[in-house]
Structure formats: C-alpha cells, structure tokens
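Visitor: Predicted model, plus sequence, below.
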Amino acid sequence: MMMKNSINPLKVLAMLAVVIGLAFTTSCGEDEPSCTETTWYADADADGLGDANTSVSACEQPTGYVDNSDDDDDTQGEPTKTIWELVQSTEGLDSLEKYLGVYPDLVATLGASGTFTLFAPNNDAFVNLLATPGFPAQITSINPDIIKNVLAYHISVTSYLKADLTSGKQVTTLATGQGVDVNSVDKIVVNADGTLLTGSSNNAIAITGANKKATNGVMHVVGSVLIPQTVGAQLTPILGTNAGTLLLGADFSLLAQAIFKADTFAAQNSLPTIYSMLSGSATHTVFAPSNGTFHVAADTKAGNSDGTASEAEIKAFMSGTPAQSFYGIITTQIVLSEVLSTSLTQGAQFTAASGATLTVLSTEAPTDPAKGILTGIVIDSNGDTTPEAQVAVPASASSSLVTANGRVHVIAGLLSPVQ
C-alpha cells in the first residue's frame, strides 16, 4: 500500500521564515555597510598635517594618521638646510630672496642657529602688492627702512609649526613700530580658521605651504605679503598722496624720519601734525629735500665740506636736531595751496605753513655742490640772500611729482624758518 506524502504545515512555515530571514540579512549587508570609510594620511611628525603620499582607508582613525593631506614635509626626513638656504632653494621665492638679500642682518638671522619661523611670501604675493592702487611701481623706490621692517615682520624668533598656530595666537615678530609709534612691536594674529591677520587689507591670509622644516626652525609659504599693523594703519590710507610719496619714497627716507620726529613735538604742543597736512584732502605743495640735502647738512654740522657725510654723521645730525627745529623747518617746506612749476618765476612769493614767506630769487642759480645748490630755481625763506640760505630746485623736478592732494617739488637744501 502506498503511503501518502504529507507535509506538516508548521514545518513549512518554519522553513519559509528561515529563508526570508537569510534573504533580508544578505540584502542589508549589501546595501547598508557597517561604516563609511575615510581616507587617513600619515602624520609622522605629529603636527596635525598629513602626508599625501602615505594614506589608508579605514572606518576608524588609525594611530599616527590624520584626515588631511596638508603637510609636505613628512617624507623629508631630518632637515639639512637653514631657513635662508630653504628660501634660496624653494621654487617661487625668487623675489623674497632678492629683497632679503639687500639686508645682510636679516639674512644672517635666517642663517643662524636658533628656532625661527619665516612666513615666506611667494612671487605672486609681491606682484599683487605692487599692483595695489597708489603703491610705488618698484619696491626699490620705497623707503628702505620700511621695506626692512616689513620683511622683519615675516620673522619670529620662536619656531611655530602649523599645529601651533591656533585661534587667537599672537606671534611676536622682529618688526618694530614705524612713525610716531616706534616703541610698539607688531604681531601676527592667527584667526579661528588658521589664516593670518596682519595690517594688510586682506585680513585672512592663508598659509599655502606649511611646515617646511629647517635646521634652525620652520618656514611657511604664504600667498600675500604680510603688512605690520603700524605700517598698515599709517601708510596704507595715504597711498597716492603727498604723504605717501614722502613717507614711502626711498629718496626721502631721511625726510620721513624728520617728519615723524617733528610730529612728536606737534603732538606734545597741540599743533597740527605734518602727517595730517600731507595726508589730508586739502591741496598743498611740498618743497621736499631729498636725502642728499640731509647728507650735506650733516656733513656741514660735522665740520666737513666735501658734501658726503658718513653714516655716523647722518645719525648724529638726525638725533641731534631737536624735534621743534625739524617742525619749523619742515612746515617751511609746505605751502597750503598748489604751486605749479610754471609759477616758480622771478619774484614770485608763497606763504609757507610755518608763516614764512618763500620768495623766488633767481631762475639761474649758481652750481655749488658743496652747499647742495644746483642749477635751477632758487628760493629764499628768511630774507637772507646768501647761498647758504638759498634752495635750488633741480631742473629735473620742473614737472614735479603730482599726487591726489597736490604736488611735490624736489629741492636741494633746507628752507629755514625766520628766527
């Protein structure tokens, strides 16, 4: 007798449940992974910046790895070059090398033993700086003291890796205050996002190449020239004005020193500062003595007569002349109206900011290099017609330097106020 095949309904239901469960588990395993993998980069020197050439993918952060590839030095091994040698050997820093090379003491610092940090502007940074409206077309035409101070602002005597540059960090630099704030120290401030805040109009300067290590510290490449706060506050607003021409100009660096010294007297005695006269919107004219004039004055004061003063003699003249005297002299070089070159004719008179009357005595002055007198237009400011009291405007300045708030006539000699 044949047996009937009977299937227990309960067993069928049990097997069906197992099959459905397996299918569901397999489907979930394919569509929903247990984690999302991240690419991690080796951080051999534990500076928080990873090496793009060494990476792993994992769900959890492996020891010695970070989630960025911002470093470029983890594969370099122990540094063998000084910061100065890094500047010389790093592509794209040719301009920085050229400008630093003008100042042997800065080069010596970057080549000396120690723990320094250099924020190194690349070539594009200098190109962009020179493209700033009102900025001198050539860096070499800028007051060398200002250039040096700006370069010094990129150097700190403490070594800071990128990981050390945390939000709010203030980096002390080698730069000192300029102008009337010579005792201040300019610092670099780190923003919350790691960019740099300086005296520049760009208040978030990025580090484009971090942690280039040297035997005496570290170098970070930046895409902008860092401007000290005192320079930015005082000089940036005056670009394109008479103040900018005289305070930034390489040919007027000693006049700039005299202006800042004179303004200490003005501030102490509630007088109008020369800085405010030169930077204001009112049109005015400056008869500006170049560095050569100060050299002659320093040489004469030292008892010489060859017209060439030593650095020590110039320093003695600038420090030995009282601020009040400089204020009287420089305000006598300023006329609070526009004086065209064509107006400098025989007998013409103009009133200086000091109250002195400037009189054109001759348009054919004798040439006397020992006294700083050149062929051109001679002006008297105190009624004394002897050569020592006369000033010649060089023929090359006949077109003058035109700015947004007036013009500058370059002169040889100092217009003396009436005593």
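Guide: That came through fine.

Visitor: Am I right that Trp345 is in contact with Thr359?
Guide: For residue 345 the amino acid is Thr, not Trp. No: using Cβ atoms under 8 Å, Thr345 is not in contact with Thr359, being 11.2 Å away. For every residue, glycine as well, the C-beta is placed using N, CA and C.

Visitor: So those two - more neighbours on which side?
Guide: Ranked by neighbour count (other Cβ atoms under 10 Å), Thr345 and Thr359 place Thr359 first, with 17 against 10.

Visitor: Quick one: classify that one as helix, strand or coil.
Guide: The three-state label given to Thr359 by DSSP: H, G, I helix; E, B strand; the rest coil is strand.

Visitor: Look up how far Val418 lies from it.
Guide: According to Cβ to Cβ, to the nearest Å, Thr359 and Val418 sit 12 Å apart.

Visitor: Give the residues shared as contacts by the two.
Guide: Ser381 (Cβ atoms under 8 Å, 6 or more residues apart in numbering).

Visitor: Where do the helices of the chain begin and end?
Guide: Assigned by DSSP state H, the helices in the chain fall at 9-31, 83-89, 94-100, 104-111, 123-130, 144-152, 229-235, 242-248, 253-268, 274-279, 291-301, 311-320, 323-332.

Visitor: for the stretch 251-400 of the chain, what are the low-confidence residue spans?
Guide: The model of the stretch 251-400 of the chain has pLDDT under 70 over residues 307, 362-376, 384-400.

Visitor: How about the contacts made by Gly280?
Guide: Applying Cβ under 8 Å, 6+ apart, we find Gly280 in contact with Asn405.

Visitor: What does the pLDDT read for the residue nearest to Gly92 when sequence neighbours are not counted?
Guide: Excluding the flanking residues, the one nearest Gly92 by Cβ to Cβ, 6 or more residues apart in numbering is Asn122, at 4.6 Å. As predicted, Asn122 sits at a pLDDT of 96.

Visitor: I'd like the distance between Asn122 and His220.
Guide: In this view, Asn122 and His220 are 11 Å apart by Cβ to Cβ.

Visitor: partners of the closest residue to Val222 other than its chain neighbours in the sheet?
Guide: Among residues not flanking Val222 along the chain, Phe119 sits closest, at 5.1 Å (Cβ to Cβ, 6+ apart). Counting by DSSP bridges, Phe119 forms beta bridges with His220.

Visitor: residue contacts, Phe119?
Guide: By Cβ under 8 Å, 6+ apart, the contact set of Phe119 is 154-155, 188, 196, 207, 219-220, 222, 226.

Visitor: Which of those residues sits closest to Ile330?
Guide: Taking Cβ to Cβ as the measure, Ile330 lies nearest Leu226 of those, at 30.9 Å.

Visitor: which residues touch Thr245?
Guide: By Cβ under 8 Å, 6+ apart, the residues touching Thr245 are 252, 288, 401, 403, 408.

Visitor: Actually, Thr403.
Guide: Thr403 makes contact with 240-242, 244-245, according to Cβ under 8 Å, 6+ apart.

Visitor: For Ala267, grab the count of nearby residues.
Guide: 13.

Visitor: picking up where we left off before, need the max-distance pair from the contacts of Thr245.
Guide: With distances taken as Cβ to Cβ, the most widely separated pair in the contacts of Thr245 is Phe252 and Thr403, at 12.9 Å.

Visitor: which sections of the stretch 101-250 of the chain are below the confidence cut-off?
Guide: Ranges of the stretch 101-250 of the chain meeting pLDDT under 70: 177-185.
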